[in-house]
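Student: compute the structure for the input listed below.
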Amino acid sequence: MKKRTFVMTSLLLLSLMAAAQVVQAQEPVVVNIPFEFVAGNVTLPAGEYRVEKLEKNSVVVLTHCAQPGASAIVMTIASQANAPQSNSKLVFNHYGNLYFLSQYWSAGSSSGRLLLKSAREEEISRIARNETQGQVALVASLSPAPR
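Tutor: Take a look at the predicted model:
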């Protein structure tokens, strides 16, 4: 009987720890984006953004902290890294002075989200010269609790 109670208690604790990890991975983050960029089919201004992945689906929501009307909801696909990420981050593809959001990664997780290239980005990437192409990664921090 004691062994069964011990096993049940252990399983309960492991379940609670796993649930805490899932909740942590879903917490919104804040990132300062110093340039205008495209997320999906929406062009957004530079500034500080609150970014969160909605639970149980493939949607990532970006909301400008100072201008809530400047926001985007983008569909993503799952991606896997070789190791858990040390920081939450957004990754942008850039071509000259045009930036396109391409990835979202959460700290502590090896699972990330990829945005598919829009028709506009596909066209620009074909005509851009190699020396004007690249990627930029911006580190995000946990979003403060709402007031």
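
Student: for Asn93, what are its contacts?
Tutor: When contacts are counted by CB atoms under 8 Å, 6 or more residues apart in numbering, Asn93 is found next to Tyr99, Phe100, Ser102, Lys117, Glu121, Ser125, Gln133, Gly134, Gln135. All C-beta spots, glycine's among them, are computed from the backbone N, C-alpha and C.

Student: just the buried residues from those, in ChimeraX please.
Tutor: Only the buried members of these end up in this ChimeraX selection, burial being decided by 16 or more other CB atoms under 10 Å:
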select :99,100,102,121
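
Student: and the two most separated of the contacts of Asn93?
Tutor: Lys117 and Gly134 (15.0 Å; CB to CB).

Student: before we move on, back to that, show me the contacts of Asn93 that map onto strands.
Tutor: Where the contacts of Asn93 overlap with strands, as defined by DSSP state E, the overlap consists of Tyr99, Phe100, Ser102, Gln133, Gly134, Gln135.

Student: how about the residues you listed in a markdown table, adding pLDDT and distance to Met75?
Tutor: Written out in a markdown table, the entries for the ones in strands among the contacts of Asn93 read as follows (pLDDT from 0 to 100; distance: CB to CB, whole Å):
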| residue | pLDDT | distance to Met75 |
| --- | --- | --- |
| Tyr99 | 97 | 19 |
| Phe100 | 97 | 14 |
| Ser102 | 97 | 13 |
| Gln133 | 83 | 24 |
| Gly134 | 89 | 24 |
| Gln135 | 91 | 20 |
